[in-house]
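Novice: Got a sequence here, can you model it:
(one chain, ligands or ions: 1)
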Amino acid sequence: MSVVTIAREGKIAVVTIDNPPVNALGQAVRQGLSEAVSTLDSDPEVTAVVLICAGRTFIAGADVSEFDKPPQPPHLPDVVSAIELAAKPWIAAIHGSALGGGFEVALGCRFRLATADASVGLPEVTLGLVPGAGGTVRTPRLVGIEAAVDLVTTGKPVRGPRALELGLIDRIVEGDLRADAVAFAQDLPDELPVPLSLRPAPTVPETFWGNAETIIAKRVKRETAPLRALACLRRATEVDFASAMAFERTTFLDLRASKQAAALRHVFFAERAAPRPAALAGIETRPLRNAAVIGGGTMGAGIAAALRDAGLPVILIERDDAAVERGLANLKAIFDGAVKRGRLTEAAAEARLAGVTGSTDYGALADTDLVIEAVFEELSVKRQVFDELGRVCRADAVLATNTSYLDPRSIAEGLPRPGRFIGLHFFSPANIMKLLEIVPTPETDAATLATGFALARLLGKVPVRAGICEGFIGNRILKHYRAEAEALVRQGVAIRDVDAAMRAFGFAMGPFEAQDLGGLDIAFLQREGARAAGLDVSETLGDILVRAGRKGQKTGGGWYDYEAGDRRPLPSQDVDQLLRDHIKPGSALDAAAIADRLVGAMAREGEAILAEGTAERPSDIDLVEIHGYGFPRWRGGPMFCTSAGT
Ligand code: NAI
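Specialist: Numbers count the residues shown, from 1 in each chain. So this is what the prediction gives:
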C-alpha cells in the first residue's frame with residue numbers, strides 16, 4: 001500500500017500519510033506528497049486539501065535511515081514549495097509532533113490546525129544541523145524574528161497553546177481532528193493568507209543580531225549549528241526568498257558533512273539503541289506500579305524524586321524517625337527547588353511529596369514492586385538491608401542496589417531468590433542526571449534485567465548495561481581521567497591550564513575544579529579503605545591535599561583557594577608548596593594537547609572495558625560519559641571522538 005493516500009469528503013481531499021512508526025519524511029513520502037499536489041491541482045472537483053497523518057503523530061521529522069545517504073529526489077524544499085504554491089489550499093491537521101521537516105511541510109500549508117497536546121518545532125540544531133527546507137526562511141515570515149530565533153536556535157518544541165499564542169499554528173482543535181479539519185476546509189475565508197514565500201520578511205534592527213549572537217554564543221559555547229542557524233535567519237531578513245533558501249540549503253549541506261553533526265548523529269543513534277537491547281526483546285518485565293527507596297540521603301532522596309516524577313507512589317525507609325524526617329525534608333527541598341526554577345507548580349510539588357510515605361518499618365514493603373537501596377556505602381549495612389528485604393518483599397519484587405563501588409555479588413550473598421537482584425547505579429542529582437548504569441550479577445534473571453531497562457524508560461533515563469568491576473564503567477573511567485590529569489600536573493603543567501583546556505574542550509568544568517566542587521575526600525576515603533584492606537594503592541596528589549585538610553570548596557580550598565562565599569577558583573600557593581616535591585618544574589602544553597591526553601586516557605580505559613566485556617559497545621561508553629560526566633555531546637563521547645576517521 002502507498003504511504004500517501006488520497007480520500008474525498010465531498011469537495012475536500014484528505015491526504016493521509018501512513019508511514020509507521022512516526023511518518024518520517026522518507027523518499028516515498030516526499031514522492032507521494034509531490035504526486036498528490038499534481039493530482040489534486042488537476043482535479044476540478046477539489047476545492048481544498050487536508051493533510052493528516054495516520055498513527056500516533058504527524059510527520060515527526062526526517063527519515064533517520066537516510067541520514068548518512070546522499071539525498072534522493074524529490075527534495076524536501078521542492079515538495080514544500082509545491083504544496084505552498086498549489087492551486088488548491090492545503091491545510092495541515094497536526095497531532096503528536098510536527099518536527100523538523102514535518103513542521104516545514106506544515107509551513108508550506110496555508111493553515112495549521114493542531115490538537116492541544118500536539119507540539120511543533122525545528123530541532124535540527126540538536127543534530128548539528130539547521131533546518132533544510134525553509135524553516136529559517138518561512139518561520140520569521142510567519143511569527144516574527146524573536147519567536148523564530150528561539151524556535152530555530154534552541155531546537156525546543158513548542159506545545160499547542162503556546163504555539164497558538166506565538167502564531168505557529170492557527171487553531172487548536174478540541175474535537176475529532178480529521179472531521180474538524182474537513183469542516184474548516186469546507187468553510188475557508190474568501191481571502192486566503194498569502195503563502196509565506198510571497199510575504200515580506202520582517203524588518204529587524206541591526207542591534208538585534210549582535211545581542212542574539214552574544215546570548216547564543218554564551219549558551220552553546222563551541223557548538224556551531226545554533227550560530228549558523230542564526231546566520232540563516234539573519235540572511236532570511238536581508239535578501240529575497242529564493243536567495244535565503246539557497247543560503248539555508250548550502251548551510252544545511254555544509255553542516256551535514258561536519259564533524260559535530262556526525263558526533264550528534266552518533267549520540268542520537270546510541271540513545272535510540274540504548275533503552276531496548278536486542279538481547280532482551282520479547283522478555284516480559286516485572287510490574288512497576290510502585291517503588292520503595294531505602295535511605296533518604298543525597299541519592300535516596302534524588303531517586304525517590306525521580307520515581308515520583310514518573311508517577312510511582314514511593315515508600316521511603318530510614319533508620320529512625322529523625323532520619324525519616326530528614327529524608328522527607330531532602331525530598332521537599334528537591335521539589336521546592338523545581339518550583340523555584342519554574343519546572344513544577346506548587347500544587348504539583350505538593351502532590352509529588354504527598355505520594356511519598358516515610359517509614360522505619362520494612363513491613364510496609366510487603367506489596368512493593370521495586371526496592372532501590374541507597375544506604376551508606378558499607379557492605380555490612382547493605383547486607384542487613386537485603387536481609388530484611390529478603391524476608392518481607394514479594395518473591396517477584398525487583399531488589400536493587402545503588403552502590404558505586406561495592407561488588408553487587410557480595411551485597412546479594414544469602415538473598416533468597418537472587419534472580420530478582422540487580423545493580424541500578426544512578427548519578428547525582430539522581431532526579432536530573434540521565435544516566436542509569438544497569439549492573440546485573442551472574443544470577444540476575446532476564447525478567448529483572450528487562451525490568452531495569454523498563455524502569456529507565458519510565459524515568460526518562462539513558463540506560464547502559466555494565467559488567468561488575470570496580471567503579472563499573474563511569475567511575476572507573478573517571479579514575480583514569482583524574483590520574484592522567486595528575487600525571488600532567490606532575491610533569492609540570494599548571495593545574496589551571498588543565499582545567500582551562502577541558503573547559504575549552506567543552507566540559508562545564510575541568511577535572512580539578514570538579515573535584516573541588518564534589519569534595520576530594522570521597523575518593524580519598526575509598527583509597528584509604530583499599531589500603532586498609534591491604535591493597536597497594538599509590539599516593540595521589542589529591543591524597544596529599546586531603547591530608548593537609550584541603551578537601552575542596554567545603555573546606556575553603558582543595559586544588560584551588562576560595563574566598564568565603566565565592567566559588568571562583570584561585571591558584572593556590574599552598575598547593576604549590578604542598579606538591580612541590582612531586583612536580584617537575586615548568587613544562588607547558590597547549591590546550592589541545594592537554595585535552596588529547598585526557599580524552600585519550602578515557603578512551604584507553606574504555607577499550608580495556610570493552611575488551612573484558614564490562615561494556616557491550618563503544619557507544620555505551622560514550623553515553624556514560626555524556627549523560628553521567630558532562631562530556632560535551634557534540635564531541636560524540638570519548639570513544640567516538642578518538643576513533644579513526646573522525
Ligand atoms: P548519604 O550518606 O547521603 O545517605 C545515606 C542514607 O542512608 C542516610 O540518610 C542514612 O540515614 C541512610 N541509612 C543508613 N543505614 C540505613 C539503614 N540500615 N536503613 C535505612 N537507611 C539507612 O549517602 P549517598 O551519597 O546518598 O549514597 C548512598 C549510596 O549511593 C551509596 O552506596 C553510594 O555509594 C551510592 N552513590 C552515591 C553517589 C553520590 O554521588 N553521592 C552516586 C551514586 C551512587
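Novice: Just to be sure, L525 is in a strand?
Specialist: No: looking at L525 with DSSP: H, G, I helix; E, B strand; the rest coil, it is helix, so not inside a strand.
Novice: What distance do you get for it to the ligand?
Specialist: 11 Å (C-beta to the nearest ligand atom, to the nearest Å). For every residue, glycine as well, the C-beta is placed using N, CA and C.
Novice: What of L230?
Specialist: Distance, L230 to the ligand, using C-beta to the nearest ligand atom: 37 Å.
Novice: and if you look at L168?
Specialist: 41 Å.
Novice: which residue packs closest to that residue, ignoring adjacent ones?
Specialist: Nearest residue to L168, sequence neighbours excluded (C-beta to C-beta, 6 or more residues apart in numbering): V120, at 5.4 Å.
Novice: Give the partner strands of the helix or strand containing that neighbour in its sheet and their orientations.
Specialist: Using DSSP states H and E, V120 sits in strand 119-121. Taking DSSP bridges as the criterion, strand 119-121 forms sheet pairs with strand 97-99 (parallel), strand 158-159 (antiparallel).
Novice: quick check, distance from whichever helix or strand comes after the longest one to the centre of its chain.
Specialist: Yep, that's strand 97-99 we're talking about. As assigned by DSSP H and E, the chain's next helix or strand after strand 97-99 is helix 101-108. Distance of helix 101-108 from its chain centroid, counting by C-alpha atoms, centre = their mean, to the nearest Å, is 25 Å.
Novice: for helix 101-108, packing partners?
Specialist: helix 76-84, strand 90-94, strand 119-121, helix 135-143 (3 or more C-beta pairs under 8 Å, 6 or more residues apart in numbering; DSSP states H and E).
Novice: try it again with 10 Å
Specialist: Secondary-structure packing of helix 101-108 (3 or more C-beta pairs under 10 Å, 6 or more residues apart in numbering; DSSP states H and E): helix 27-41, strand 48-53, helix 76-84, strand 90-94, strand 97-99, strand 111-115, strand 119-121, helix 135-143.
Novice: quick one: it to helix 27-41, angle?
Specialist: 10 degrees (axes from the mean of the first three to the mean of the last three C-alpha atoms, to 10 degrees).
Novice: Kindly present the helices and strands packed on helix 101-108 as TSV, with separate columns for mean pLDDT.
Specialist: Compiled in TSV, these are given as follows (pLDDT from 0 to 100):
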stretch	mean pLDDT
helix 27-41	97
strand 48-53	98
helix 76-84	97
strand 90-94	98
strand 97-99	97
strand 111-115	98
strand 119-121	98
helix 135-143	98
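Novice: A147: helix or strand, and which one exactly?
Specialist: According to DSSP H and E, A147 maps onto helix 145-154.
Novice: Determine how far that helix lies from the middle of the whole chain.
Specialist: With C-alpha atoms, centre = their mean, you get 20 Å for helix 145-154.
Novice: tell me the angle that helix makes with helix 101-108.
Specialist: Computed by the same axes, to 10 degrees, the angle separating helix 145-154 from helix 101-108 equals 160 degrees.
Novice: what's around the residue of the chain found nearest the ligand, how many residues?
Specialist: Of the residues in the chain, the one nearest the ligand is G297, at a distance of 1.8 Å by C-beta to the nearest ligand atom. Residues lying near G297 (other C-beta atoms under 10 Å) number 15.
Novice: worst-scoring helix or strand of this structure, pLDDT-wise?
Specialist: Within the chain, no helix or strand scores below helix 521-532, which has a mean of 90 by mean pLDDT, DSSP states H and E.
Novice: Count residues in the vicinity of the residue nearest to I544 when sequence neighbours are not counted, would you?
Specialist: Using C-beta to C-beta, 6+ apart and skipping the chain neighbours, the partner closest in space to I544 is L578 (5.6 Å). Per other C-beta under 10 Å, the neighbour tally for L578 reads 16.
Novice: Over to D576?
Specialist: Neighbour tally, D576, other C-beta under 10 Å: 12.
Novice: quick one: it and M639, what's the gap?
Specialist: Computed with C-beta to C-beta, to the nearest Å, the distance linking D576 and M639 is 35 Å.
Novice: cool, A133 as well?
Specialist: Distance, A133 to M639, using C-beta to C-beta: 33 Å.
Novice: The two: who's more crowded?
Specialist: Neighbour tally, A133 and M639, criterion other C-beta under 10 Å: the higher count belongs to A133, 29 against 26.
Novice: ok so, going back, please compute how far the least confident helix or strand of the chain lies from its chain's middle.
Specialist: Put simply, helix 521-532 sits 33 Å off its chain's centre (C-alpha atoms, centre = their mean).
Novice: Then stretch 594-609?
Specialist: For stretch 594-609, the distance to the chain centre is 23 Å (C-alpha atoms, centre = their mean).
Novice: now do stretch 154-167
Specialist: Counting by C-alpha atoms, centre = their mean, stretch 154-167 comes out at 20 Å from the chain centroid.
Novice: Next, the buried residues of it.
Specialist: 154-155, 157-158, 160, 163-164, 166 (16 or more other C-beta atoms under 10 Å).
Novice: what does stretch 138-150 give?
Specialist: Going by neighbour count (16+ other C-beta under 10 Å), the buried part of stretch 138-150 is 138-143, 145, 147-150.
Novice: For A351, list the residues it contacts.
Specialist: Shown in contact with A351 (C-beta atoms under 10 Å, 6 or more residues apart in numbering): 308, 335, 344-345.
Novice: Give me the buried entries from the residues you listed.
Specialist: Judged by 16+ other C-beta under 10 Å, buried ones among the contacts of A351: 308, 335, 344.
Novice: how about the helices of the stretch 501-646 of the chain, start to end?
Specialist: Using DSSP state H, counting those that start in this stretch, the helices of the stretch 501-646 of the chain run over 511-518, 521-532, 541-547, 573-579, 591-611, 618-629, 638-642.
Novice: so what does the first one touch, helix or strand wise?
Specialist: Taking 3+ C-beta pairs under 10 Å, 6+ apart as the contact definition, the neighbouring helices and strands of helix 511-518 are helix 474-490, helix 495-505, helix 521-532, helix 541-547.
Novice: Same check on the last one?
Specialist: Counting contacts by 3+ C-beta pairs under 10 Å, 6+ apart, helix 638-642 is packed against helix 259-273, helix 591-611, helix 618-629.
Novice: most tightly surrounded among the ones you listed?
Specialist: Mean neighbours per residue, mean count of other C-beta atoms under 10 Å, is largest over the helices and strands packed on helix 638-642 for helix 618-629, with a mean of 25.
Novice: could you give the angle of that one to helix 259-273?
Specialist: Note on geometry: by the same axes, to 10 degrees, helix 618-629 and helix 259-273 are set 100 degrees apart in direction.
Novice: Distance from the chain centre to stretch 591-601, please.
Specialist: 25 Å.
Novice: where along the stretch 201-350 of the chain do the helices fall?
Specialist: Under the criterion DSSP H, counting those that start in this stretch, helices of the stretch 201-350 of the chain are mapped to 206-220, 225-238, 241-256, 259-273, 298-309, 321-340, 346-354.
Novice: Surely Q384 and L415 touch.
Specialist: No: Q384 is beyond contact range of L415, at 11.8 Å (criterion: C-beta atoms under 10 Å).
Novice: Can you name the residues of the stretch 251-400 of the chain sitting close to the ligand?
Specialist: 294-300, 317-319, 323, 327, 374-377, 381, 384-385 (C-beta under 6 Å from any ligand atom).
Novice: In ChimeraX, select just the buried ones from those residues.
Specialist: What follows is the ChimeraX syntax selecting those of these that are buried according to 16+ other C-beta under 10 Å:
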select :294,295,296,299,300,317,318,319,323,327,374,375,377,385
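Novice: Give me the phi and psi for the closest residue to Q27 other than its chain neighbours.
Specialist: Distance criterion C-beta to C-beta, 6+ apart; nearest residue to Q27, sequence neighbours excluded, is Q72 at 4.6 Å. Here the main-chain torsion angles of Q72 (degrees, to the nearest 10) amount to phi -100, psi 140.
Novice: How about the contacts made by Q72?
Specialist: Q72 sits next to 26-28, 30-31, 66 when contact means C-beta under 10 Å, 6+ apart.
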